[in-house]
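K.L.:
I would like to see how this sequence folds:
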Amino acid sequence: MTPYTATITAGPEDIDILGHVNNAVWVKWIQDVAVAHWHAIAAPEHDAAYIWVITRHEIDYRASVLEGETVTAETWVQEPPKGARFNRYMKFTGADGKVRVEAKTTWAIIDRATGRLVRVPEEVAAPFLA
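P.N.:
Numbering: from 1, shown residues only. Alright, predicted model coming up:
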C-alpha cells in the first residue's frame, strides 16, 4: 500500500458547542485527505476520467481535538477493489502520539463521461496498492 499523510490544525470554525472538533468536520477532513491522496498519486489521465464518491463511513471517535491542536492524518488502501468499490482506511493522530479518530470509508468510482459506476481499472488501483 502507498500511505499518504497530511497535517491539519483545528481552527475556530471547526469547533462545536462542546469545545472540540465537530463530527461533521471529521467527515470533511476524511474526504479532503482522501481527495488529496488521489491527486498526489493518480495519473493525470485517471484524474480526468474518473470521479470518486463515498458510499459508506465507519468512524470511531477515540478522543477530542481542541482548537489549535494539530493532528496527522494517515490514509491508505489496504486491499484491492471489489467491482466499483474499495475501502480506504484513515487515522488521525495527535501530537501526543494517541489516535484521536479512526475511519474506514467505502468509495465508488464513476466514469466522468457516462456518469455511471464502473469497475475500478487495475491500472487505477495499482499505485495505491504498491
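K.L.:
among the helices and strands of this structure, which one scores worst on average pLDDT?
P.N.:
Among the secondary structure pieces of the chain, namely its helices and strands, helix 122-129 has the lowest mean (mean pLDDT, DSSP states H and E), a mean of 94.
K.L.:
which helices and strands does it pack with?
P.N.:
Using 3 or more C-beta pairs under 8 Å, 6 or more residues apart in numbering; DSSP states H and E as the contact criterion, the elements in contact with helix 122-129 are helix 23-41. Quick note: C-beta positions are derived from backbone N, CA and C, even for glycine.
K.L.:
I'd like to know the average pLDDT value across the helix it packs on.
P.N.:
Looking at helix 23-41 alone, the average pLDDT works out to 96.
K.L.:
For that helix, C-alpha coordinates in PDB please.
P.N.:
This file holds the C-alpha atoms of helix 23-41, laid out as PDB (Å, rounded to 0.1, in the frame of the first residue of the first chain):
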ATOM      1  CA  ASN A  23     -18.200  15.300  13.900                       C
ATOM      2  CA  ALA A  24     -19.200  16.800  10.600                       C
ATOM      3  CA  VAL A  25     -15.700  18.400  10.400                       C
ATOM      4  CA  TRP A  26     -14.100  15.000  10.800                       C
ATOM      5  CA  VAL A  27     -16.100  13.800   7.800                       C
ATOM      6  CA  LYS A  28     -14.900  16.700   5.800                       C
ATOM      7  CA  TRP A  29     -11.300  16.100   6.800                       C
ATOM      8  CA  ILE A  30     -11.600  12.400   5.800                       C
ATOM      9  CA  GLN A  31     -12.900  13.500   2.400                       C
ATOM     10  CA  ASP A  32     -10.200  16.200   2.000                       C
ATOM     11  CA  VAL A  33      -7.300  13.900   2.900                       C
ATOM     12  CA  ALA A  34      -8.700  11.100   0.600                       C
ATOM     13  CA  VAL A  35      -9.000  13.500  -2.300                       C
ATOM     14  CA  ALA A  36      -5.500  14.900  -1.700                       C
ATOM     15  CA  HIS A  37      -4.200  11.300  -1.700                       C
ATOM     16  CA  TRP A  38      -5.900  10.700  -5.100                       C
ATOM     17  CA  HIS A  39      -4.500  13.800  -6.600                       C
ATOM     18  CA  ALA A  40      -1.000  13.000  -5.200                       C
ATOM     19  CA  ILE A  41      -0.800   9.500  -6.700                       C
END
